[in-house]
Structures are given as structure tokens and as C-alpha cells.
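*Asks:* Fold the following for me, if possible:
(chains A and B)
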Amino acid sequence: MLDLSQSAQSDGGPEMITRRNFLKNTALGIAGAALPLAALEIVDPKKLFAQVAAETTSVRWVFLVDTYKCVGCGLCVKACKLENEVPYDANVTRTWVERYVLTKKGKMYADTPKGARDGFTTAKIDLGADGLKDISGEGIEKAFFVPKLCNQCENPPCVQVCPVGATYQAADGVVLVDRTWCIGCGYCIMGCPYGVRFFHPVYHTAEKCNFCYHRITKGLKPACVQACPFGARQLGNIKDPNDPVTQVIRTQRVGVLKSEFGTKPQVYYIGLDEEVR
Amino acid sequence: MVHGELWTIKELFVTPNEYIYWSIQIVMYPFMTGLVAGAFVLSSLYHVFGIQKLKEMARFALVFSFALLFIAPLPIMLHLQFPFRGVMIFMTPHFTSAIAAFGIVFFGYGAIVASELWFLYRKHFVETALRLREKQDKTLVEWFWYVVFCSLTLGVYDISEESLHKDEKAIKFLAGLGIPVACFLHGYAGFIFGSVKANALWMTPLMPVIFIMSAIVSGIALCMLTYILTMEIRKLLAARKRASHARYRSQEELKSVEISVMQMTSKYLLAFMVAAISLELLDIIFRGYTAVKSWDILRSVIYERDFADIFIMQYGIGNLLPLILFLLPGLTIRRAILGSVLVLFGVFMMRWNVVIGGQAFSLTFAGYMHYHLPIIPHDWETFKEGLGGALSIFIMPFVLFWVISHIFPLFEQEEAH
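*Replies:* Here you go, the predicted model:
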């Protein structure tokens, strides 16, 4: 303080110099205070790598479902189960097809017997413990099929809630599960608004659709896309403007499921009905 | 068989992967942590706010809270598909997950309770260790206790008036610090549920607060119940021993202590119970009034399918009945026992209705799932996630309580001998 006042006097203009010194000291103080804060931020190599990868990668996988083309044959479900080694008879599946029937009386019925693994072999609606419901053809106002699979959300709640980081999002948007790390708490199953997750009957870890990651990273199509005889399912890269799927999503009217959860789902639907859950 | 399939019955439109994944052990988890938090808050009422009438109850509740603390993580362990990987929650926590905070909250809270207990019982440790040291030709058992109590003193043998005064200060500080941490421990269990946006019943910011209130209620009720039980045992012993040892309190003396402690404690029980019920009702009323998309299915679950569980078992038998029992003048021991058992049942039903009720409807809002608790186990999974597993978890803290009460005497009177 003594130095400060002396220098102020010697320069003749005490006010100006004090201000300069004041500013200098303030700047130094702020820089000094900011330094420990900056030191607190530890650079996480994983995070950095993922960030760089996400920015530099030219791939972001998305899915397009044309519900008008789906006939509910269930070949996609069958192919998925075989490809991804989900036990064939176990009542869980990475993808499934739902049938919606809306009657003229304004009632909605829907079912997905065994995830439609064998297709819809009867016109009767499967009501679970309540048995089968027969609806006459004349009574139906409209009916349609909706294939379901993991939405590979941009903001995945399952990744958020995993307590050990066993489920994570790859740079190309696909959400994956590390079977060697999953503790099997089921929080991700609870956190998913789409019900795509389950415990694998053999590995006992959380299991989900990953767009057949082992295939798409080698340039192949996902098993369900390959198996669909009607082209109702397509995989695309939203970062590629020339991709036919990207063009459809950009130029046509498409919808996503349950956008109100803020998960930013990346499976787009053509012909999505208000009744679809 | 897929996990969850065994105890889930699906009705109407339920998607293929939906089952009741969080079953009885996840009901037990908030129930047990609630008891931990509640017992601690009860003990802190004396240590922090100096409510003298709760003095007898305070150290009792603290020891019980410590016993319960060890059991609190067990329901999660039994629920995990990979119990031995459970340690990963502590080793590689993923902090965007509410469950990942468990390690920090649990150990932080454990450290507070353990240190408070140490300060509270330091004098006892030192005295016992010194007494055993002076004793000639110790038996093997005495040697064991000598080593135990010597270790427990942590090498500090200063029990002068001055240092004991410092202990008291430390206890007060730790008890004060413990209240928010205990609330956090349990509020955080509520957050685990309240933050699941995919679940229409769970998602409410009120959930942690509701959990804290009902936790304190259940903790107080359990302490009352256990206190009565131990007092009854003491009364029996008193009747037997008084003939030869005059220093034991008489049966009548014990009984009057018991009643006055009960009357005081039940007042706090009632206060927290009213708060808990108000918040729960506020939640239901608010949901009905705002009636967002999920209300149709929630209403059918709350007012129709789970009506008996919610309005008869939880609110009727678990809340209203004990409320009347405790409010009627002239509280007796029998009435206190019945009341606290019912309160415990009510809080258990509340946890049940949240955890199981939250999975009683499908994500489609057009289907239901029914839970059937496995009662007779036929393999390890149906045991641990069945009645047997739940009962084991409930009994364990009492056994542990009995064991550690040999190190931490529950009643000052008994320290003398």
C-alpha cells in the first residue's frame, strides 16, 4: 500500500495512477482466484475423446419406419432374435411389432403376441390375462402395425441413470451395453420410456437393440432391415445429406415416439397415428 | 425364464419387455433406509435440541440406527443380478445416476453415526478397558473384551471432566450435521424414484420429501417398538434380580419411565405422520386436479385396482388407526405397541404402493401388470426376491442390534455393573 501511494504521488495524478494500479491488481486478483477453479476441472480423456469423435465422425445412425408398408409378418423380430442370440422362446425381444385396432365405437385395442415373432396369426386381439378378444371386421374403423425398436435417443435416459457407466452412447449415436460391467440393477430398464430394455435371459445383464452394431459398423444392414420383405424398416446416416433415409426425414412429414420425454428419439416414423403408444 | 416373468401377470396391452423388474427387495430398500434415517433423527432431537424427555430414547435410537445402517445396502445387493459387481457403484460411480451417489451418502452418513457413537460411548470404553486391565487372571472371554474395548478407545484414555465436555460438544455437532445427512440419505432414495421420468406415478419432486417424512415416522415407530420390547425384558430381569441386587431399578420404576418416554416419543411420531400424510394426499389431489395424459391409467390403478392396498391397508390400517390410537388420552404400553406396529405396516405399504404400484401399469397406458410375491421359494432367485428374502432383511437388524448392544450398552443404568 505504501508503494502504491508513493508511485501515485510521484506521477502527479494520484487519481489516475490509483485507478491503473487498482485495475492491475483487480485483474491479477481475478486471475489468481480463477486459477484454482480452472485447476479443478480435470480433463477426462474419455470425455475428450468422445467429444472429438462425435465432432469429427461423419456418421449418426438413425432409423426410418414406414408404417404403411408394415404388414405384421414378424420376420424382422424373428431375424433379430436369431441374429442377436436372444433366446427364441424367451418372452423378451429387442424389437417387436404392435398391432392397433380402432373400432367404430371409438375403442382402441392393441397387442403384440410374443412380440409378433410369429406374425399375427389370428384376427383376435391378445389381451394377456384377459384372453382373446374377437372383433368383427365390420366394427373396425382402422387398423395398422407399428414396429418398435430402440430409439437410440440423442439424450438417452438409460445412459443417464446407469450407476456404473456400463451403458454408454457411441460417437455415432448408438447406445451400447457393456456386459462385463453391468451390475444388473435394472435402473436403465425403469428409465426407458419405450420399454426396449430387459434382462438377457442367459447373460443376466441389461439388453437392448443396438441397430445390430456388429453389422452396421461393417457396412451391413441390421438384421431386421435385411429381413423385411416390404422395406418398412430402413437404416440411415443423418449426417449424410445424400442418404435416402436422411432425405425422407428432411423433406417428408415424419414423427417420433413420446417426444414429451425430451429424449430426442432417432427412430422416425412415417404414418404415425395419435393412438400409437 | 426371463427375470420378472415369474411374478408378473400382464393384462391388456403391455409391451413384450415389460415386467415387474423392481420387486420386493426394492420395497425393502427404502423401507430399511427410512428406518435408519428415522432412528437417527429421533436420537438427534435430544442431542441437538436438548429435548430432555427423549434422553433415554436418544442413545437407544442411535445404536439402533447404527445396526440398521449395515442392513440398508443388503436389499440392493439381493436385488442385483450381479451382487458381486455391486462394489462397482463405489469404484466406478457414474455420477449422472442417482444410485451412483449411494457410496458417498452411505459412507458419509456411516462415518457420522460411527463417530457420534464413539464420542457417546468413549467414557464407557475407557472405563471397561481399565477395569479389565486391572483384573487379575482374566478368562479367555475377558481377554477378548479387553482387546475389543482397548481397540475401541483408539488409544485415548483421557476421561477428565474437561475432555468429556468436549465430547458432548462433538456429539452435538455430529448429531446436528447428521440430521441433514440422514434426510439426504433418505431423500436421495426418494430421488431415485422421483427422477424416473418414464414412470408416471413416480415422477414428482415431492417424492424425496414424502420419503423423508415417512422415513422419520417409521424410524420413530420402530424405536418405540424395540424400546418397549427391551424394557419388557428388563422388567422381567428386574423382577428376578432385585431380590439379590438392590441396585437394579424396580419394575414399577421402569414402567413409569417407559410410559413417559412413550408419551413423549409418540407426540413426535404424530407430528411427522401428519406431515407425511398431508404430502401424500397433496400429491394425489394434485395429480387428479391437473389430470395430465397419464391420469386416466393412474386413476384406475389408485382408485380401482390398488384401492385396497392404498386406501384400506396404507391409509386406513396404517395411518388412520394408529393416529386414533395415539391421540386417545391415557396411552398404555399395549396401545403403543399396537400403534407402532400399525405405523410400521403403513409405511411398508406406502413403499409397496410406490414401488409395486408404479409398475402396475404399462408404459402404453393401456395395460396392467400384477405382482405376485413368491412365497414358497423353489430356487435362489425366488427366495431372495420373495417373502423369505424380505423377512431375512427385516430380521437382520434386530440380530445385529442385539450383538452390538454388548459393545454399546443401551441404558445408562446397566453401565454401572
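*Asks:* what's near enough to touch the residue of chain A found nearest chain B?
*Replies:* Going by Cβ to the nearest Cβ, chain B is nearest to A:G184 of chain A, at 2.4 Å. Placement of C-beta: from N, CA and C, glycine included. A:G184 makes contact with A:F199, A:H204, A:T205, A:A206, B:L80, B:Q81, B:F82, B:R85, according to Cβ atoms under 8 Å, 6 or more residues apart in numbering or on different chains.
*Asks:* Could you dump those residues into JSON lines and include pLDDT?
*Replies:* Below are those laid out as JSON lines (pLDDT from 0 to 100):
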{"residue": "A:F199", "pLDDT": "96"}
{"residue": "A:H204", "pLDDT": "94"}
{"residue": "A:T205", "pLDDT": "96"}
{"residue": "A:A206", "pLDDT": "96"}
{"residue": "B:L80", "pLDDT": "93"}
{"residue": "B:Q81", "pLDDT": "93"}
{"residue": "B:F82", "pLDDT": "93"}
{"residue": "B:R85", "pLDDT": "92"}
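*Asks:* Name the nearest residue to the residue of chain A closest to chain B, sequence neighbours excluded.
*Replies:* B:Q81 (2.4 Å; Cβ to Cβ, 6 or more residues apart in numbering or on different chains).
*Asks:* related to what we said a few turns ago, spatially, which two of the contacts of A:G184 are the most separated?
*Replies:* Greatest spatial distance among these (Cβ to Cβ): A:F199 and B:R85, at 13.9 Å.
*Asks:* okay, the two: which has more neighbours?
*Replies:* Counted by other Cβ atoms under 10 Å in any protein chain shown, A:F199 and B:R85 do not tie: A:F199 has more neighbours, with 23 against 19.
*Asks:* Contacts only, for the closest residue to that one other than its chain neighbours.
*Replies:* Spatial nearest neighbour of A:F199, excluding adjacent residues (Cβ to Cβ, 6+ apart): B:H3 at 4.2 Å. Applying Cβ under 8 Å, 6+ apart to B:H3 gives the contacts A:F198, A:F199, A:P201, A:H204, B:Y19, B:Y21, B:Q81, B:E381.
*Asks:* which of those residues are buried?
*Replies:* Neighbour-count burial (16 or more other Cβ atoms under 10 Å in any protein chain shown) is assigned, among the contacts of B:H3, to A:F198, A:F199, A:P201, B:Y19, B:Y21, B:Q81, B:E381.
*Asks:* Which ones among those map onto strands?
*Replies:* A:F198, A:F199 (DSSP state E).
*Asks:* would you turn the buried ones among the contacts of B:H3 into CSV with distance to B:A67?
*Replies:* Formatted as CSV, the buried ones among the contacts of B:H3 follow (distance: Cβ to Cβ, whole Å):
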residue, distance to B:A67
A:F198, 37
A:F199, 33
A:P201, 38
B:Y19, 34
B:Y21, 30
B:Q81, 28
B:E381, 28
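*Asks:* okay, among the buried ones among the contacts of B:H3, which ones form the most distant pair?
*Replies:* A:F198 and B:E381 (15.6 Å).
*Asks:* What residue in the stretch 301-417 of chain B comes nearest to chain A?
*Replies:* For the stretch 301-417 of chain B, the residue closest to chain A is B:T364, as judged by Cβ to the nearest Cβ, at 3.8 Å.
*Asks:* and the spatially closest residue to that residue that is not a sequence neighbour, how far is that from A:K258?
*Replies:* Spatial nearest neighbour of B:T364, chain neighbours left out: A:R277 (3.8 Å); criterion: Cβ to Cβ, 6+ apart. Separation of A:R277 from A:K258 (Cβ to Cβ, to the nearest Å): 8 Å.
*Asks:* Surely the residue of chain A closest to chain B is in a helix?
*Replies:* No. A:G184: not assigned to a helix; according to DSSP: H, G, I helix; E, B strand; the rest coil it is coil.
*Asks:* Now do it, the pLDDT please.
*Replies:* For A:G184, the model assigns a pLDDT of 94.
*Asks:* what about it, distance to B:Y289?
*Replies:* From A:G184 to B:Y289 the distance is 39 Å (Cβ to Cβ).
*Asks:* Show the backbone phi and psi for the closest residue to chain A within the stretch 1-150 of chain B.
*Replies:* Proximity of the stretch 1-150 of chain B to chain A (Cβ to the nearest Cβ) peaks at B:Q81, 2.4 Å away. With angles defined as degrees, to the nearest 10, B:Q81 sits at phi -70, psi -30.
*Asks:* returning to what we had before: so which of the contacts of B:H3 is the closest to A:P241?
*Replies:* A:F198 (35.9 Å).
*Asks:* Touching, that closest one and B:N17? I think so.
*Replies:* Yes. Assessed by Cβ atoms under 8 Å, A:F198 is found in contact with B:N17 at 4.0 Å.
*Asks:* Touching both of the two, which residues are there?
*Replies:* A:V92, A:I189.
*Asks:* Give the residue spans of the chain that score low on pLDDT.
*Replies:* Because you didn't say which chain, this covers chain A. A:1-17, A:35-43, A:54 (pLDDT under 70).
*Asks:* meant chain B actually
*Replies:* Applying pLDDT under 70 to chain B flags the ranges B:242-249, B:412-417.
*Asks:* just to revisit the earlier point, compare A:R277 and A:K258 and say which one has the larger neighbour count.
*Replies:* A:R277 (20 against 15).
*Asks:* how many other residues sit next to the closest residue to B:F348 other than its chain neighbours?
*Replies:* Nearest non-adjacent residue to B:F348, counting by Cβ to Cβ, 6+ apart: B:F31, 5.6 Å away. By other Cβ under 10 Å, the residues close to B:F31 number 26.
*Asks:* B:I375 now?
*Replies:* 9.
*Asks:* ok, it - contacts?
*Replies:* By Cβ under 8 Å, 6+ apart, B:I375 lies in contact with B:G386, B:L387.
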